[in-house]
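>>> the sequence and its predicted three-dimensional model are supplied below.
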Amino acid sequence: MSQTTDSPIIRIQGLEKRFVGNNTDIFALRGIDLDIGRGDIFGIIGRSGAGKSTLVRCINMLERPTGGQVLFDRQDLCTLPDAALREARRSMGMIFQQFNLLMQRTALQNICFPLELAGVKADTARRRAEELLELVGLANRRDSYPSQLSGGQKQRVAIARALATRPRVLLCDEATSALDPATTDSILALIKDINAQLGITAVVITHEMSVIEKICSHVAIISKGVIVEQGAVEEIFFHPQTEAARRLVLPEALQNLPDGRYYRLIFNGRSSFEPVISNIVLECGCPVNIMYADTRDINGTAFGQMVLQLPEEDAARTRILTYAKAHSIMLEEMSHV
Amino acid sequence: MFDQQTVEMLLTGVWDTIYMTVVATFFSYIFGMVMGVVLVICRKDGIRPNALVYSVLDVVVNLTRSFPFLILMIAVIPFTRFLVGTTIGNNATVVPLVLAAAPFVARLVESSLLEVDHGVVEAAQSMGATTWQIISKVLLPEARPSLLNGSAVAAITILGYSAMSGAVGGGGLGKLAIMYGYNRYQTDIMIATVVLLIIIVQAFQSLGNWATRRSDKRTP
C-alpha cells in the first residue's frame, strides 16, 4: 500500500446513503466530499438527525454507503471483500456515545478483546492492554467490570480498547455526549493527547460547538445529509458562510433577536488589549447596544465575539463601519438570524 | 411411613427423573442453542440477515412447539426405536423430550441473545470481528446470565414433560405417580411423588438463580 504523507488518510467522494422508504427513498447522506488529513483532528458537527452518525459509520462500513467512495489510504473500502475489510477496520478504532463495552469482561479483558479477535497471543495481548490502561490512567482499575466504572472511566477503557490494534484513525461517535462537562473535558484532552503523542488521526462527531473548538483543527458542518461548509476551525468561526454555520457559532439565545441591525465583532489576541467598544462610541459619537459577548478557546488561542446592535440611522452606522475598517476591526453584519 | 421397598422405589424414581431431565436438557441445548443462534443472526436486523433461513426455522420451531407433548411422544415412537432400540425406559424417553424441548430452548436462547446490546455487537464489528467471533465472543458470553436463567426454566419444563412421559412408557416419578397413585389409588405415594417433584423443581430453580447471579457482572 502506497502512503505519501501529504495525501489525505481518508478521502470521501460523492458519498451517498439512501434508505428505501415507502413512497420515496430517503437520503441520509448526499454528495459528501471530505478530505481528512493525516494527523488532523477532524470534527463533523450537525444537529441530531443531520446524518453525522451515518457518515462516520459509513467510514468504517458499519453502514454500507449506497454510492460514492470511501478511500482509506487510497484503498476503496466500499469494494473491499469481507476479509480485507475486517483487516482495514483494525486500522480504525472507534468509540461510541454509549461506550459499548463488554459488560461481562473486566477493563483489562475488554482491551484484550480486539487483540483476541486479531489472533494475538494471550500474554502479548495482556501486556499491550496493561500498557494502554497506563496510557488512559486506569492502571488501578484493570480488574473492574464496566458496571463498577464511572462514565468517564468507561470511555477511557473504550479508548484504550480502540487503540489496542494500533490504528491510524480513531473514529469518535458522540464520544462525550453522555458525559458531564468536566469529564467531557478530560476525555477531549485525552483524545488530543493521543493525537499528539501517537499521531493518530481523529474524526470527531458531535453536536456541540464547544467540542470542536476545544480539540479540532478542521471541521465540516453537516445539515440535512449534506456538508454545507468545511474548513479550518478558526476560518469557520470568523467567517461562517452559511446559516447552519452561524447557528453553531452563535448561541441559541440569539436566534430570536428583535428587529434591528446586528453586527458581529470578532476579537483576536491583539484587539482584546484595546478598548474597542469605548473607542467606537467615542470616535463615532453614537451608542451601540451589546446584545451578547463571549470568549472561546479555539486550539489554545482565546477568541472573543460580541453581537452589537448598531443605530438604525444610516449615517451613524456608516461612521462606525468606516471606523472599524480603518482600524482592522472585524465587524460584519449578521444576515437576519 | 413407607417401607424400605417403597422408599427405594421412590429414590430410584427421583434418580430417573433427574437423569432424564439432565440428559434431555443437555441435548436440547445442543440443538436449541444452534437454532437460537441461527434465528438471531438471520433476523432482518441480525449480523447475517437471511430471510429464507429465518422464516423456515421460525415455522419449524412454531410447529414443533404447538404439538402436545404426549402426541409428539407417540408420533416419534418409530424414530425412538431406531435411535435407542427400545421405546420404554429413561433413554427412550430422552428422545421425544429433546425433540419437544429443543425448539422451546431455541426460543429461550433467541430471546436471551436479543437482550445483548446491539451497540456492543457493532463495536465488535468495528474491530473487524467475524460472524463466528461475534457469536462466540460477544453474543454468548454477554448473554450468559440470561442463558443460565433460561436453562433453569428449560430444565423445569423438561422435568414436567418427563413426568408426563410416565403415561406411555417413560420412567421416573411420573410413572410412579400414574402407576401407584392413579391406577392403584395409593394416594400417599401420589403425594410423595408430587412433593419430591416440587423439591426437585425448587432445586433446579435455586441452582439456576445462583449460577445466574454468580455469572452476572452487570451489577456492581
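Thanks, I have the structure now. Numbers count the residues shown, from 1 in each chain, chains lettered A, B, ... in the order given.
>>> a strand runs through A:L265, doesn't it?
Yes: under DSSP: H, G, I helix; E, B strand; the rest coil, A:L265 falls within a strand.
>>> burial count for it?
21 (other Cβ atoms under 10 Å in any protein chain shown). Bear in mind the C-beta positions are built from the backbone N, C-alpha and C, glycine included.
>>> nearest residue to the spatially most central residue of chain B other than its sequence neighbours?
The residue lying closest to the centre of chain B (Cα atoms, centre = their mean) is B:A154, at 3.7 Å. Leaving aside its chain neighbours, B:A154 sits nearest to B:V105 (5.2 Å; criterion: Cβ to Cβ, 6 or more residues apart in numbering or on different chains).
>>> is that neighbour in a helix, a strand, or coil?
helix.
>>> ok so, going back, hey, C-alpha coordinates of the helix or strand the residue nearest to the centre of chain B falls within in PDB?
Element membership for B:A154, per DSSP states H and E: helix B:144-165. Written as PDB, here are the backbone C-alpha positions of helix B:144-165 (Å, rounded to 0.1, in the frame of the first residue of the first chain):
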ATOM      1  CA  ARG B 144     -24.500 -15.800  29.800                       C
ATOM      2  CA  PRO B 145     -26.500 -14.800  32.900                       C
ATOM      3  CA  SER B 146     -29.700 -14.800  30.900                       C
ATOM      4  CA  LEU B 147     -28.900 -18.100  29.200                       C
ATOM      5  CA  LEU B 148     -28.300 -19.700  32.600                       C
ATOM      6  CA  ASN B 149     -31.500 -18.300  33.900                       C
ATOM      7  CA  GLY B 150     -33.300 -19.700  30.800                       C
ATOM      8  CA  SER B 151     -31.700 -23.100  31.300                       C
ATOM      9  CA  ALA B 152     -33.300 -23.500  34.700                       C
ATOM     10  CA  VAL B 153     -36.700 -22.700  33.000                       C
ATOM     11  CA  ALA B 154     -35.900 -25.200  30.300                       C
ATOM     12  CA  ALA B 155     -34.900 -27.900  32.800                       C
ATOM     13  CA  ILE B 156     -38.100 -27.400  34.800                       C
ATOM     14  CA  THR B 157     -40.200 -27.600  31.700                       C
ATOM     15  CA  ILE B 158     -38.400 -30.800  30.600                       C
ATOM     16  CA  LEU B 159     -39.000 -32.200  34.100                       C
ATOM     17  CA  GLY B 160     -42.700 -31.600  33.600                       C
ATOM     18  CA  TYR B 161     -42.600 -33.400  30.200                       C
ATOM     19  CA  SER B 162     -40.700 -36.300  31.700                       C
ATOM     20  CA  ALA B 163     -43.400 -36.800  34.300                       C
ATOM     21  CA  MET B 164     -46.000 -36.900  31.600                       C
ATOM     22  CA  SER B 165     -44.000 -39.500  29.700                       C
END
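>>> by contact count, what packs against the next helix or strand after that helix?
Next in sequence after helix B:144-165, counting helices and strands by DSSP H and E, comes helix B:173-176. Judged by 3 or more Cβ pairs under 8 Å, 6 or more residues apart in numbering or on different chains; DSSP states H and E, helix B:173-176 is in contact with helix B:4-42, helix B:144-165, helix B:187-215.
>>> report the angle between whichever helix or strand comes after the first one and helix B:4-42.
Scanning the chain past helix B:4-42 towards its C-terminal end, the next helix or strand to appear is helix B:51-66 (assignment: DSSP H and E). Helix B:51-66 runs at 160 degrees relative to helix B:4-42, counting by axes from the mean of the first three to the mean of the last three Cα atoms, to 10 degrees.
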